[in-house]
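J.: no sequence for this one, just the structure:
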């Protein structure tokens with residue numbers, strides 16, 4: 001995964017998680033605040049019932065002394081037109097039976113156990129109710145046998161039946177005893193408010209996540225631009241321009257990276273220059289003794305009589321090896337000068353067609369080459385360097401030729417020189433043009449592996465292009481020069 005994607009994922013993911021956790025905390029806090037308000041309302045109503053205003057009796061008001069015949073007395077808190085959020089249930093503390101309740105409560109009502117603090121229960125009809133319980137003094141005549149008779153059939157509709165022959169509201173001494181009043185508040189309104197808050201927090205979470213994504217998409221290119229500039233500077237560096245450096249830019253972290261890269265490039269340049277100097281020095285020092293050795297062999301060969309055929313053949317082999325050594329030393333010196341940028345280039349008018357024919361005629365094995373060269377193609381280049389390139393390309397093609405099919409040399413306007421020939425399938429195209437690389441089948445030949453490496457550098461010096469490929473058992477070299 002790229003650095004940009006990691007940053008975007010980290011920013012957007014962190015924002016989404018933080019906003020989600022904050023929204024969950026706000027939702028829980030709002031729920032507690034709303035429940036605390038419900039509890040305060042329950043407490044206030046219970047306190048008003050237990051400690052009424054001056055001049056009012058405690059508890060619920062008593063029924064009228066002489067209610068009209070066939071009428072049913074219903075306390076105000078139990079009427080159907082009362083506040084639908086408030087639910088009231090009266091319970092006998094001794095028997096646990098329900099004496100009266102709000103008409104909207106289900107018949108299979110189950111009250112929670114007595115608690116010091118409010119509790120929440122689920123009704124059978126799906127509603128949630130917050131309950132609080134308190135003891136209230138029973139008023140004379142309140143829910144007495146006479147009142148029960150007035151309420152009809154002994155009790156209000158929906159209350160639990162009482163044991164026959166007993167009165168749950170009158171003690172043995174005729175005194176009244178307290179009753180339990182369960183006051184509940186339907187939490188439907190609270191749930192509605194919490195649902196609205198959840199929708200709002202969800203929309204806020206989506207908006208914050210989307211905003212983080214958009215902001216990251218806009219800011220990420222700005223954050224990564226210094227790194228891209230450093231990469232561009234590094235891409236422009238190469239063996240021919242080791243003196244270049246990465247531009248110091250960007251924030252402090254990027255400047256520290258640039259400083260370390262420039263120090264590394266300085267060390268690499270020094271090591272590369274030392275290597276170039278070593279190769280050039282070795283080649284220069286070898287040139288004199290190899291020349292002396294060749295001279296000695298040639299003079300000795302001239303002094304041997306014709307009758308000493310074996311000795312002459314041995315000296316001819318030594319002379320051939322010495323010539324190869326001289327070519328290797330010359331190539332090493334030329335390669336060192338090219339990599340150091342010290343090879344002089346003198347351009348002049350060159351007849352490319354004639355140069356190619358001359359190279360083919362002077363190359364051993366060139367008589368089997370299929371030649372397609374026009375009469376005249378003129379180009380402004382360095383004839384000496386171009387001859388080295390063409391000679392190396394044709395020589396390598398002949399040395400590596402394997403299988404059926406001839407080597408073909410084609411020259412077209414451009415000028416473009418194309419050389420094709422069968423080659424072993426094991427040739428690695430990634431290694432073509434690397435110094436001292438040779439195919440296994442060519443190790444016994446007269447080539448040391450510097451030819452294509454020299455060609456690449458000489459073509460770059462001439463301002464042309466050289467494409468090398470080895471596909472399907474066919475080697476192709478395409479040289480294009482400036483007209």
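T.: Now that the structure is in, tell me what you want to look at. Quick caveat, the model's predicted, so the values are computed rather than measured.

J.: Of all the helices and strands in this protein, which has the lowest average confidence?
T.: Ranked by mean pLDDT, DSSP states H and E, the weakest helix or strand in the chain is helix 145-151, scoring a mean of 35.

J.: other SSEs contacting the following helix or strand past that one?
T.: Note on helix 145-151: by DSSP states H and E, the next helix or strand toward the C-terminus is strand 179-186. Counting contacts by 3 or more CB pairs under 8 Å, 6 or more residues apart in numbering; DSSP states H and E, strand 179-186 packs against helix 3-50, strand 86-91, strand 128-136. Every C-beta, even on glycine, is put in place using the N, C-alpha and C of the backbone.

J.: Could you export these to TSV, including columns for mean neighbour count, mean pLDDT and distance to residue 182?
T.: Converted to TSV, the helices and strands packed on strand 179-186 look like this (neighbours: other CB atoms under 10 Å; pLDDT from 0 to 100; distance: least, CB to CB, whole Å):
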stretch	mean neighbour count	mean pLDDT	distance to residue 182
helix 3-50	14	89	10
strand 86-91	22	85	4
strand 128-136	19	87	5
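
J.: Dump these into TSV; add distance to residue 322 as well.
T.: Written out in TSV, the entries for the helices and strands packed on strand 179-186 read as follows (distance: least, CB to CB, whole Å):
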stretch	distance to residue 322
helix 3-50	58
strand 86-91	117
strand 128-136	106
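
J.: between these, which one is nearest to residue 262?
T.: Distances from residue 262 to each of these were compared by CB to CB, and the smallest falls on helix 3-50, at 21.6 Å.

J.: Tell me what angle the closest one forms with strand 86-91.
T.: 50 degrees (axes from the mean of the first three to the mean of the last three CA atoms, to 10 degrees).

J.: so how far is helix 3-50 from its chain's centroid?
T.: Here the centre of helix 3-50 is set off from its chain's centre by 32 Å, with CA atoms, centre = their mean, to the nearest Å.

J.: which strands and helices sit next to that helix?
T.: Using 3+ CB pairs under 8 Å, 6+ apart, helix 3-50 is in contact with strand 128-136, strand 179-186, helix 188-236.

J.: among the ones you listed, which is the most enclosed?
T.: Here the criterion is mean neighbour count by mean count of other CB atoms under 10 Å, and of the helices and strands packed on helix 3-50 the winner is strand 179-186, at a mean of 23.

J.: thinking again about what came up before, select, out of the helices and strands packed on helix 3-50, the one closest to residue 17.
T.: helix 188-236 (9.7 Å).

J.: counting contacts, what elements does the closest one pack onto?
T.: helix 3-50, helix 252-303.

J.: picking that back up, to residue 275, which of the helices and strands packed on strand 179-186 lies closest?
T.: Ranking the helices and strands packed on strand 179-186 by proximity to residue 275 (CB to CB) places helix 3-50 first, at 34.3 Å.

J.: Hey, what's the angle from that closest one to strand 128-136? Just curious.
T.: Compare the direction of helix 3-50 with that of strand 128-136 by the same axes, to 10 degrees and you get 30 degrees.

J.: any low-confidence regions in the stretch 301-450 of the chain?
T.: For the stretch 301-450 of the chain, residues meeting the criterion pLDDT under 70 lie at 339-341, 403-404, 424-450.
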